[in-house]
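Novice: Dropping the sequence and predicted coords here.
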Amino acid sequence: MSGLAVDGDLIVGDVPDQVAQANPEFERAAEKAESRRGLIMALPAYLYLLVFFALPLVIVFVYSFATRNRFGGTDLSGWNVEAYRKLGEPIVRDILFRSLWLAIITTVLCLLFAYPFSYFLATRSATTRNIMLVFVMIPFWSNFLVRNYAWRVLLGNDGPVSQITEAIGLGETRILFTPLAVVIGLVYGFLPFMILPLYASIERIDMRLLEASRDLYASGWQSFRRVLWPLSRPGVIAGSILVFVPSLGAYVTPEILGGAKTTLLGSYIVTQFLTARNWPVGASLSFVLMSVMLGATLVYFRNGGRTL
Amino acid sequence: MTASNAASDLSPAPSSDGSTPAVGIRGITKRFGDVVAVDAIDLSIHDGEFFALLGPSGCGKTTTLRMIAGLDFPTEGSLTIFGQEVGTLPPNKRPVNTVFQNYALFPHMNVLENVGFGLKMQKVNKTEIVRRSSEALELVQMGAMASRQPNQLSGGQQQRVALARALVNRPKVLLLDEPLGALDLKLRQEMQTELKSLQRELGITFVFVTHDQEEALTMSDRIGIMKDGNLLQVGSPEEIYEAPANRFVADFIGQTNLLEGTVESSDTVCLANGARLSVRSTEPVGSAVAVSLRPERALLHDRDDVPDGRSSLDGVVQTVTYLGNAVVYRIALDWMTLDVRAENRPSMKRYSVTDEISVSWLPQAVAVVAQ
Amino acid sequence: MSSPTSPVLPRGKTRIGLTMNAWLVYVFFYAPILLLVVFSFSNDRNVGRWGGFTLDWYRAFGENEEIQQSLSASLRVALISTVVSVVLGTMAALALERFSFRGKKVFDGLLYLPIIIPDVTMAVMMLLFFSQLFDALDAWFGLGLSKGFTSIVLSHVAFSISFVSVVVRARLAGMNDQLEQAAFDLYASRWQAFRHITLPLIAPGIIGGALLAMTLSLDDVVITQFVSGPGSTTLPVYVFSLIRRGVTPLINAVSVVMLAASITLVALSLLADRAKSSPQPTPSKETDNA
């Protein structure tokens, strides 16, 4: 709609309806008015995000180079990289590796369940597909805290899972407060994030290609390996990033299902702010976490992902 | 139309027949950044005319139409509608309406509401809106569909509604942007006739954009041929077909054989193989030209059996394509190939591949076109 | 739609495996939720044990003052932040989809960041921002402000705008901009074209965006926890603190109520989605019989 001025402006700054011959000045003025209109529409959200998002981001960055003083406060003068150096210390390093490891396991497990599920979904009739999708969307939209809490109830001492294992003679199970419980919670929380992009990418594949590969003497496994998998790769990448990234920064799940020995990155950052009062370390870790996330997002976009 | 507007001194000169043109375009240029979409064109479209802007995609025809509609502003130049300068007027202040390429019917309104939209925006009272909208729907034979939603209509029906939606506002000029492009062949031919008779009945000036030369030839009073932002030729279908202004027009309108050559004198062209053709030409002596020979204007003869008074070239039949109502021969000359189309009549002599023949034509049947 | 022929589902063992996996996934999704609902009616102090039917926990939920307060805070936060972010997000979407202006690319990028940034980082950002802001306001104007309702709302708007604008933009992108031009051509002013054409056509997107913003606001724990002050917590933050102190059947009941609210919102958004499914008339090529 460039160069279009319509009478009766939505906001302000209209070009007067002078009855005149077209000329470059008028065209430029009309384009300018149009551009101004766009800016005015964007401005409220723009300013809001600058003040309440971009500025806070800068503050975190500044804090990550600050020093913690003796009273648990933070000295902003005297910039140093002390907080980042602390990330190499064994305690923090262990936490980083543990978080990474759990995030990877979660991603792989999600992929293992979601891939066959999405393929199955894509081969159903349109009606079945829509119904099945609705039942994926419901947990996707349901309250995250509550969904984690449900596992706390299920896995708790004397909880249903334990009752079942006892009844069949396997004895009491003690899963709660172990890394396994955290992984179960994360998979439960983020499985829909894997299913939805995977399904979207598998659904787009022309299934006749599989028939063609079978016709050309490929076995079932070969058809999957050489045709289906490569074509669904964008979905695999998108889903993996959407699961891996929030798993890495998870806070609620490990707090509810994990034990004291399974501190993860998210909880550690929160502790730095709410109890240990070492804001620079917390800020530097948040920054590292965000960088991982930005990197992953760039990978996602580079692989042709468009929506999040 | 009164000429008493502020810009009366900018009003275009009266067109050739002395009346004010419905659409007057003088030196209109449109640039998008560095791209020149329309390059200083001049054009007068007469009152009551069915005018087609014809050209390949990207030639600037749609941009020209959008500038008349007000959806794009010209970078420079004068644009008048019945003498009134409108170059800087927004679309909602112009006495023209558009039938959009994919109809652009409002999906959340029924047919009657769609047609009445323009009147509603002009604050016409409700009973009047319903009366005039129903009338317009009757005009396009859609009276029975008034309460349908656009997505319940076929392509042809949507087309009619879009037409009614524009016509109900009694525009001084109706603009149509490839309105038949989305229809299948049979329906398209039907709509061509219908549009033409509707235009005659209403007497409104129609400006029609298309890339389909056959459509332009069938429907228009005059055609403007565009290429790369330039207007190459304006004329009646016959003028354009018989006397194309240049090579591009000759090739774009219908089919033709172009024989390269050089002008030797006002009535001789020397072809690329050295043969001399006697043909009238207004191109300067020594300029490179092409002689346009339409396939249906050429005849085949046995070698050395060409009647007097006809120009001819010798060749060999390369392929024969049977079309039912005609036969198309591809003739190999030493230096190029020619297509010759022969109507399928019982008396027609049939040739077959490798026959040695002569191709002949009447000197007045060919046109010399500039490069 | 993948292909006109019926899609291929492998035969034999693979097929059985795929079907079983699908069932397994659904059992995995729904068993915990359903059991939670069941146990919320259980008359047993142990959260995971059946002890006969009771409504006691729901009664306790209704009588617990702190829960009621935090519930009302949650609803107010969700409502206000949704309204604000819908207005700002929709305007941003219109600006980005329909106009070009200076700084558009930067704005586009800035608008994406809140979606991809981890909760924890966002929480840290908001905490540091508000503590700096309140310190500054205190130092300059002597305003003794502290974190609470306002800082929660401001933070929720900060992440919701982006989600609303993504949803509305998708809707706008799917809408042919020729429709607006047709309106201008039919004598509509810019405002009239927006009011009569654009707004009704993107309404499902706006509703979808609003429901998403509301869900996100009602879901959030981490950010809210960082910017809430004493006496101003939302329900999820309060429940979260309860869970950390130890689980009780009361939490089961609260959870089920929260779950019911989520599912209502999903149902509404699915309805909005259904209204969305036919945004454009598709000219069919059948022969005209008029």
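Specialist: Received it, and whenever you're ready, just let me know what you need.

Novice: residues of stretch A:57-75 that come out buried?
Specialist: By neighbour count with 16 or more other C-beta atoms under 10 Å in any protein chain shown, stretch A:57-75 contains the buried residues A:57, A:59, A:60, A:61, A:62, A:63, A:64, A:65, A:66, A:67, A:68, A:74. For every residue, glycine as well, the C-beta is placed using N, CA and C.

Novice: I should have written stretch C:174-190 there, sorry.
Specialist: C:175-176, C:178-190.

Novice: could you pick out which of those residues are near chain B?
Specialist: C:176, C:178, C:179, C:181, C:182, C:183, C:184, C:185, C:186, C:187, C:188, C:189 (C-beta under 8 Å from any C-beta of the partner chain).

Novice: So in the chain, which helix runs the longest?
Specialist: Since no chain was named, I'll use chain A. Assignment by DSSP state H gives helix A:90-122 as the longest helix of chain A.

Novice: meant chain C, my bad for not saying
Specialist: Longest helix in chain C, counting by DSSP H: helix C:65-98.

Novice: how near is residue B:348 to chain A?
Specialist: 48 Å (C-beta to the nearest C-beta, to the nearest Å).

Novice: residues touching that residue, list them.
Specialist: B:327, B:342 (C-beta atoms under 8 Å, 6 or more residues apart in numbering or on different chains).

Novice: in stretch A:201-218, what's buried?
Specialist: Those would be A:201, A:202, A:203, A:205, A:207, A:209, A:210, A:213, A:214, A:218, for stretch A:201-218 by 16+ other C-beta under 10 Å.

Novice: does stretch B:67-83 come close to chain A?
Specialist: Yes - judged by C-beta under 8 Å from any C-beta, stretch B:67-83 and chain A are in contact via B:71, B:72, B:73, B:74, B:75, B:76, B:77, B:78, B:79.

Novice: Leaving out chain neighbours, which residue sits closest to the residue in the stretch 101-250 of chain C positioned nearest to chain B?
Specialist: Closest residue of the stretch 101-250 of chain C to chain B, C-beta to the nearest C-beta: residue C:186 (3.6 Å). Leaving aside its chain neighbours, residue C:186 sits nearest to residue B:118 (3.6 Å; criterion: C-beta to C-beta, 6 or more residues apart in numbering or on different chains).

Novice: quick one: that neighbour from chain A, how far?
Specialist: 14 Å.

Novice: now do residue C:228
Specialist: On the measure of C-beta to the nearest C-beta, residue C:228 and chain A end up 12 Å apart.

Novice: thinking that residue is in contact with residue C:147, fair?
Specialist: Yes - if you go by C-beta atoms under 8 Å, residue C:228 and residue C:147 touch, sitting 6.3 Å apart.

Novice: what angle separates the host helix or strand of residue C:13 from helix A:90-122?
Specialist: Per DSSP states H and E: residue C:13 is located in helix C:12-39. On the basis of axes from the mean of the first three to the mean of the last three C-alpha atoms, to 10 degrees, helix C:12-39 is oriented at 110 degrees to helix A:90-122.

Novice: next SSE after helix C:12-39?
Specialist: Downstream of helix C:12-39 (by DSSP H and E), the next one is helix C:56-63.

Novice: Of all the residues in that next one, which ones are buried?
Specialist: Neighbour-count burial for helix C:56-63 [16+ other C-beta under 10 Å]: C:57, C:58, C:61.

Novice: quick one: secondary structure of the residue nearest to the last one when sequence neighbours are not counted?
Specialist: Pointing back at residue C:61 there. With C-beta to C-beta, 6+ apart as the criterion, residue C:61 has its nearest non-adjacent residue at 4.7 Å, and that residue is residue C:253. Judged by DSSP: H, G, I helix; E, B strand; the rest coil, the three-state class of residue C:253 is helix.

Novice: these two touch, right, residue C:253 and residue C:60?
Specialist: Yes - using C-beta under 8 Å, residue C:253 is in contact with residue C:60, at 7.0 Å.

Novice: Do you know the pLDDT at the closest residue to chain B within the stretch 151-300 of chain A?
Specialist: The minimum distance from the stretch 151-300 of chain A to chain B, using C-beta to the nearest C-beta, falls at residue A:203 (24.0 Å). Residue-level confidence at residue A:203 comes out at 88, pLDDT.

Novice: isn't it right up against residue A:120?
Specialist: No - distance between residue A:203 and residue A:120: 11.5 Å, which falls outside the contact criterion (C-beta under 8 Å).

Novice: Distance to residue B:264 and secondary structure added to the buried residues of stretch A:201-218, as TSV?
Specialist: Below are those laid out as TSV (distance: C-beta to C-beta, whole Å; DSSP: H, G, I helix; E, B strand; the rest coil):
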residue	distance to residue B:264	secondary structure
A:201	67	helix
A:202	70	helix
A:203	68	helix
A:205	65	coil
A:207	67	coil
A:209	62	helix
A:210	68	helix
A:213	66	helix
A:214	69	helix
A:218	69	coil
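
Novice: Next step: the ones next to chain B among the buried residues of stretch C:174-190 restricted to helices.
Specialist: Per DSSP H, these map to helices at C:178, C:179, C:181, C:182, C:183, C:184, C:185.
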